[in-house]
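> everything below, folded, please.
(one chain, ligands or ions: 1)
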Amino acid sequence: MASPLCLRGGRIIDAARGIDRVQDLWIAGGRIAGLGEDAPAEVRSHPRPEVIPVAGAVICPGLVDMHVHLREPGQEDRETIETGTFAAARGGFTTVACMPNTVPPLDERSRIEYVIRGAREAGHARVLPVAAVTRGQLGEALTEIEELAEAGAVAFSDDGKPVHNAEVMRRALELTRGLGVPVIQHAEDRDLKGDGVMHEGWASTRLGLKGIPAAAESVVVARDALLAELTGGHVHVAHVSAARSVEIIRRAKSRGIRMTAETAPHYLVLTDEAVEGYDSRTKMNPPLRGTKDREALIEGVVDGTIDCLATDHAPHTEIDKDNDFESAPFGIVGLETALGVYLKALVEPKHLSLSELLLRLTVNPLRVLGRPGGTLEAGTEADVTVFDPARRWTVRASEFASKGRNTPFDGWELRGRVLLTVLAGRITFRSEAFEPSVR
Ligand SMILES: [Zn+2]
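Numbering: from 1, shown residues only. Sure thing, here's the model as predicted:
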């Protein structure tokens with residue numbers, strides 16, 4: 001067992017409980033022991049608590065990313081559970097949900113157990129596996145949903161692809177409803193998408209690249225809102241990118257339909273204009289869209305239509321990603337830049353307070369997945385992130401813990417440096433740049 005910790009003099013933001021004040025945080029026995037200047041009893045009885053001064057930094061519940069591709073089993077050249085979860089710790093995340101589009105996919109109990117075991121051995125972060133909705137993610141026969149949930153799957157998704165068949169989606173929602181777990185939809189009409197490689201608009205015309213219309217996403221979101229209403233099941237829309245999708249989700253929520261949503265950092269700070277140099281690090285699915293979409297997403301995050309801020313961390317090898325734009329695979333990494341990009345997109349322009357941002361990065365995704373935690377309440381497991389919101393740093397993809405270096409943010413100067421990540425009372429990451437800036 002790790003020795004007790006005292007994080008001294010930080011700004012404690014526990015958004016779920018409305019706490020935002022400068023205080024010490026005490027950790028002992030893997031759990032939060034308490035807040036305040038005086039050591040709680042369980043710390044006092046220990047000979048040497050480690051005291052870490054963090055004045056000027058924010059102390060918050062460990063960040064949660066509900067959309068990560070760990071690529072294991074089967075694509076270990078892109079990422080492994082070990083490298084992906086260490087990247088998570090470096091990014092301030094203590095919990096990640098991993099998508100089932102591995103090789104083979106997470107469509108059987110033994111594979112869910114494999115991921116859970118691998119994550120425990122790596123020890124860098126909690127990993128919540130998402131199981132496939134259909135066998136082989138082929139979109140036809142449903143997996144053993146109940147058995148997979150029992151094995152530890154927290155949600156079901158065919159991510160990488162949509163659940164295209166409406167009847168299959170209906171049955172998946174009926175089965176998951178009783179278990180209280182969501183179906184996470186990669187909303188995309190495959191016919192409208194066709195062989196498009198970027199957002200369909202002026203930029204795609206100018207660049208001579210095949211477009212994917214925003215409607216390819218929104219028609220599936222609209223259909224799924226109707227299916228959620230029909231079944232009473234819970235649809236969670238992954239990586240929302242389009243303005244119309246935000247409208248549809250907002251309307252569904254106002255009618256009491258069980259629909260939640262997430263977006264990813266890149267959609268809030270980049271548009272299809274970024275594809276200009278044919279850089280494959282701007283190629284992801286769904287694609288970067290127009291300015292109106294970007295603005296609508298920010299509005300949706302602010303008013304709560306979009307509940308969660310995820311990353312869609314999708315590592316690829318450099319050989320694959322180094323291709324010309326049309327042949328390169330879709331996807332970029334995000335774990336080690338998410339906090340800085342979200343601060344830049346949402347807090348620096350004052351769309352959200354720090355506390356409002358952290359709600360969407362901690363407790364909201366846990367609630368969507370029906371999990372406890374996301375607070376710093378005494379007695380709960382000590383998953384804690386410490387970051388300096390003012391500290392500037394430059395993104396260097398070559399220094400990532402992730403095997404994936406495919407980021408459009410390489411060389412960007414961001415604010416918000418993660419200093420310390422604590423998982424169940426144990427330090428999983430400590431920045432070399434530790435001394436928080438004096439303000
Ligand atoms: Zn997806």
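> under the pLDDT cut-off, which ranges of this protein? List them.
Scanning the chain for pLDDT under 70 picks out 1, 434-439.
> what parts of it come near the ion?
Proximity of the chain to the ion (Cβ under 5 Å from the ion) is limited to residues 159, 186. To be clear about C-beta, it is placed using only N, CA and C from the backbone, and glycine gets the same treatment.
> select the longest helix from the chain.
For the chain, the helix with the greatest residue count under DSSP state H is helix 215-231.
> what comes up buried for that helix?
Under the neighbour-count criterion of 16 or more other Cβ atoms under 10 Å, helix 215-231 has 216-225, 227-229, 231 buried.
> next helix or strand past it?
Beyond helix 215-231 in the direction of the C-terminus, DSSP states H and E gives the next helix or strand as strand 235-237.
> contacts for that following strand next, please.
Residues outside strand 235-237 that contact it (Cβ atoms under 8 Å, 6 or more residues apart in numbering) are 155, 173, 182-185, 187, 221, 224-225, 227-228, 245, 249, 258-262, 368.
> so what's the residue count around the nearest residue to residue 369 once chain neighbours are set aside?
Distance criterion Cβ to Cβ, 6 or more residues apart in numbering; nearest residue to residue 369, sequence neighbours excluded, is residue 154 at 4.6 Å. Residues near residue 154, counting by other Cβ atoms under 10 Å, number 22.
> for residue 154, what are phi and psi?
Main-chain dihedrals, residue 154, degrees, to the nearest 10: phi -100, psi -10.
> list the residues that contact it.
Counting by Cβ under 8 Å, 6+ apart, residue 154 touches 97, 128-130, 181, 369-371.
> tell me where the stretch 201-350 of the chain has helices.
202-207, 215-231, 243-254, 266-269, 291-302, 318-321, 338-342 (DSSP state H, counting those that start in this stretch).
> so which of those helices is the most surrounded?
A comparison of those by mean neighbour count, using mean count of other Cβ atoms under 10 Å, puts helix 338-342 on top with a mean of 26.
> after it comes which helix or strand?
Downstream of helix 338-342, the next assigned helix or strand under DSSP H and E is helix 354-361.
> separation between residue 92 and residue 108?
Per Cβ to Cβ, to the nearest Å, residue 92 is found 32 Å from residue 108.
> of these two, who's got more company?
Using other Cβ under 10 Å, the more surrounded residue of residue 92 and residue 108 is residue 92, with 27 against 18.
> thought that one was touching residue 337?
No. Assessed by Cβ atoms under 8 Å, residue 92 is found out of contact with residue 337, at 10.8 Å.
> what's residue 93 sitting at in phi/psi?
Main-chain torsions, residue 93, degrees, to the nearest 10: phi -90, psi 140.
> what is the neighbour count of the closest residue to it other than its chain neighbours?
Nearest residue to residue 93, sequence neighbours excluded (Cβ to Cβ, 6+ apart): residue 63, at 4.5 Å. Residue 63 has 29 neighbours, counted by other Cβ under 10 Å.
> what does the one 5 residues further on give?
A count of nearby residues for residue 68, using other Cβ under 10 Å, gives 30.
> contacts only, for whatever residue of the chain ends up closest to the ion.
For the chain and the ion, the shortest gap (Cβ to the ion) falls at residue 186, measuring 3.5 Å. By Cβ under 8 Å, 6+ apart, residue 186 lies in contact with 157-162, 238-239.
> restricted to buried residues, select those residues in ChimeraX.
Selection command for ChimeraX covering only the buried members of the contacts of residue 186, criterion 16+ other Cβ under 10 Å:
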select :157,158,159,160,161,162,238,239
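> of the contacts of residue 186, closest to residue 315?
For the contacts of residue 186, the minimum distance to residue 315 (Cβ to Cβ) is 13.4 Å, reached by residue 160.
> could I get the contacting residues of the closest one?
Each residue near residue 160 by Cβ under 8 Å, 6+ apart is listed here: 99, 101, 137, 186.
> now name the helix or strand holding it.
Judged by DSSP H and E, residue 160 forms part of no helix or strand.
> how much space separates it from residue 21?
Separation of residue 160 from residue 21 (Cβ to Cβ): 43 Å.
> now do residue 388
Counting by Cβ to Cβ, the gap from residue 388 to residue 21 is 17 Å.
> which one of the two is surrounded by more residues?
For residue 388 versus residue 21, the count of surrounding residues by other Cβ under 10 Å is larger for residue 388: 24 against 9.
> and stretch 7-25, what's buried?
Along stretch 7-25, these residues count as buried under the neighbour rule (16+ other Cβ under 10 Å): 7-16, 19-20, 23-25.
> now do the contacts for residue 71.
Contacts of residue 71 were listed using Cβ under 8 Å, 6+ apart, and they are 78-80, 84, 102, 315.
> could you identify the most distant pair in those residues?
Among the contacts of residue 71, 102 and 315 lie farthest apart (Cβ to Cβ), at 12.3 Å.
> between the two, which is the more surrounded one?
residue 315 (30 against 24).
> what kind of secondary structure is the closest residue to that one other than its chain neighbours in?
Among residues not flanking residue 315 along the chain, residue 404 sits closest, at 2.5 Å (Cβ to Cβ, 6+ apart). Secondary structure state of residue 404, per DSSP: H, G, I helix; E, B strand; the rest coil, is coil.
> I'd say residue 404 and residue 320 touch.
No. Using Cβ under 8 Å as the test, residue 404 is too far from residue 320 to be in contact (10.1 Å).
> what's the neighbour count on residue 263?
With neighbours defined by other Cβ under 10 Å, the count for residue 263 comes to 30.
> for it, give me its contacts.
So, once contact is read as Cβ under 8 Å, 6+ apart, residue 263 ends up touching 239-241, 297, 300-301, 306, 309-310.
> out of those, which comes closest to residue 416?
Using Cβ to Cβ, residue 309 comes nearest to residue 416 of those, at 13.2 Å.
> tell me what the closest one is bridged to.
Note on residue 309: beta-bridge partners by DSSP bridges are residue 263.
> before we move on, what about residue 11?
Note on residue 11: beta-bridge partners by DSSP bridges are residue 22, residue 58.
> who touches it in this structure?
20-22, 57-59.
> closest one of those residues to residue 274?
Nearest member of the contacts of residue 11 to residue 274, counting by Cβ to Cβ, is residue 58, at 29.4 Å.
> pretty sure that closest one sits against residue 390.
No. Checked against Cβ under 8 Å, the pair residue 58 and residue 390 is beyond contact range at 9.8 Å.
> comparing the two, which residue is more hemmed in?
residue 58 (22 against 16).
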